[in-house]
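Student: Build me a model:
(one chain, ligands or ions: 2)
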Amino acid sequence: MNTHLLALQDFTKSQLQSFIDRALVLKKEKKSGVFHQHLAGRTICLLFEKPSTRTRVSFESAMYGMGGQVIFMSSKETQLGRGEPLKDTARVLARYVDAIVVRTFGQEVVDELSEFSDVPVVNALTDLHHPCQILSDVMTVIENKGSLENLKIVWLGDGNNMANSWIQAASVLGFSLTLACPEGYEPSPELLHVAHKVAKQPITVLRDPVEAARDADVINVDVWASMGQEDEAEKRLNIFAPYQLNSKLLALAKDDAIVLHCLPAHREEEITEEVLEGAQSVAFDQAENKMHMHKAILELLINGDI
Ligand code: CP
Ligand code: NVA
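Tutor: Ligands and ions are numbered 1, 2, ... in the order given. Coordinates of the predicted model:
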């Protein structure tokens, strides 16, 4: 039984579907005034080494909204910052809390914490994956399109942590995914190889953003330089310019195509103000869904129901 959420490829289709189904129910119930207490008496620790607005507040709000408690620690304030080993940190925190939610740089950090933690470790973004985000993004697609079947779902831009988690979601959930990335910024071949072995639908990496956007049902964009890549931001502006989601590129997609952006957005870089604020953008519903999804994730992992 998998109790940690480190990468989507570690789960079965029915497990990922359970997170999505539960999040949709919790959202509907909250909207109709139901108060949830499924995590009453439980506590989580958020251990964050990178900045966050949405993920931090949506996890905290999710936990409080399920009747639980939260302890937030920025890594600078912990003994980790002074060299205490991850394996000691994991074993200690696991005696105090019911789950550890981690935002960090290397995937090996969450891997090692999970190896030594008796409570679920949840990846709240690493350089390699952003699995909780993609679960709420897939939920947003289902809300808008009814299902994932027969959709052209497109990723434009960097083959980064978000792209990797989209690839793994497509592989496990069995939907088709088209990515368009500049040369040298494609997702890793090893990750694609593993995804292709499981995938029931094509996962295709193209160079041309126009070919990718044509007839799309869903277009995803993200920043061109992720957290930790600030030194490359200037150089990337030119390389990624053809991948900007503007009204001209969006016009190639289907008329009812939706636009997703995990935020924060850099307007006039990866997306124009017009598109982000336009009628086809669901970026703020997508941001809301993080909270409902995080409730589902915490409930199913902590209560051992996944
Ligand atoms: N989308 C997302 O992860 O946002 P934050 O960096 O604000 O958490
Ligand atoms: N790819 C981005 C996602 C931010 C939510 C980053 O890692 O900075």
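Student: Show me the helices in the stretch 1-150 of the chain, by range?
Tutor: 13-31, 54-65, 86-96, 107-116, 131-145 (DSSP state H, counting those that start in this stretch).
Student: CSV for the ones you listed, including mean pLDDT?
Tutor: Below are these laid out as CSV (pLDDT from 0 to 100):
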stretch, mean pLDDT
helix 13-31, 98
helix 54-65, 98
helix 86-96, 98
helix 107-116, 98
helix 131-145, 98
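Student: Just put those in CSV and tack on mean neighbour count and distance to residue 217.
Tutor: C-beta: built from backbone N, CA, C; applies to glycine. Formatted as CSV, the helices of the stretch 1-150 of the chain follow (neighbours: other C-beta atoms under 10 Å; distance: least, C-beta to C-beta, whole Å):
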stretch, mean neighbour count, distance to residue 217
helix 13-31, 17, 18
helix 54-65, 20, 24
helix 86-96, 16, 41
helix 107-116, 19, 30
helix 131-145, 23, 6
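Student: Adding distance to ligand 2, write those out as JSON lines.
Tutor: As requested, the helices of the stretch 1-150 of the chain are exported to JSON lines (distance: least, C-beta to the nearest ligand atom, whole Å):
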{"stretch": "helix 13-31", "distance to ligand 2": "18"}
{"stretch": "helix 54-65", "distance to ligand 2": "7"}
{"stretch": "helix 86-96", "distance to ligand 2": "21"}
{"stretch": "helix 107-116", "distance to ligand 2": "12"}
{"stretch": "helix 131-145", "distance to ligand 2": "6"}
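Student: mind putting those in a markdown table, distance to residue 285 included?
Tutor: Formatted as a markdown table, the helices of the stretch 1-150 of the chain follow (distance: least, C-beta to C-beta, whole Å):
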| stretch | distance to residue 285 |
| --- | --- |
| helix 13-31 | 10 |
| helix 54-65 | 13 |
| helix 86-96 | 33 |
| helix 107-116 | 28 |
| helix 131-145 | 6 |
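Student: so which of the ones you listed gets nearest ligand 1?
Tutor: Across those, ligand 1 has its closest neighbour in helix 54-65 (3.2 Å, C-beta to the nearest ligand atom).
Student: Strands of this protein, residue ranges please.
Tutor: With strands called from DSSP state E, the chain shows them at 43-48, 69-74, 99-103, 121-123, 153-156, 177-180, 203-206, 218-221, 258-261.
Student: and the gap between residue 270 and residue 286?
Tutor: 15 Å (C-beta to C-beta, to the nearest Å).
Student: what residues does the protein put near ligand 2?
Tutor: When proximity is defined by C-beta under 6 Å from any ligand atom, the chain lies next to ligand 2 at 125, 130, 160, 161, 162, 222, 223, 226, 227, 262.
Student: show me which of these neighbour ligand 1.
Tutor: Within the residues of the chain next to ligand 2, those near ligand 1 by C-beta under 6 Å from any ligand atom are 125, 262.
Student: ok, back up a step: mean neighbour count and distance to residue 195 added to the strands of the chain, as a markdown table?
Tutor: Formatted as a markdown table, these follow (neighbours: other C-beta under 10 Å; distance: least, C-beta to C-beta, whole Å):
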| stretch | mean neighbour count | distance to residue 195 |
| --- | --- | --- |
| strand 43-48 | 22 | 28 |
| strand 69-74 | 16 | 33 |
| strand 99-103 | 26 | 23 |
| strand 121-123 | 27 | 17 |
| strand 153-156 | 27 | 13 |
| strand 177-180 | 24 | 9 |
| strand 203-206 | 17 | 6 |
| strand 218-221 | 27 | 16 |
| strand 258-261 | 24 | 20 |
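Student: Those strands into CSV, with extra columns for distance to residue 169 and mean pLDDT?
Tutor: Shown next, in CSV, are the strands of the chain (distance: least, C-beta to C-beta, whole Å; pLDDT from 0 to 100):
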stretch, distance to residue 169, mean pLDDT
strand 43-48, 23, 98
strand 69-74, 27, 97
strand 99-103, 19, 98
strand 121-123, 14, 98
strand 153-156, 9, 98
strand 177-180, 8, 98
strand 203-206, 10, 98
strand 218-221, 11, 98
strand 258-261, 12, 98
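Student: I'd like the ones you listed laid out as TSV, including distance to residue 298.
Tutor: Shown next, in TSV, are these (distance: least, C-beta to C-beta, whole Å):
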stretch	distance to residue 298
strand 43-48	7
strand 69-74	10
strand 99-103	6
strand 121-123	8
strand 153-156	27
strand 177-180	27
strand 203-206	29
strand 218-221	25
strand 258-261	23
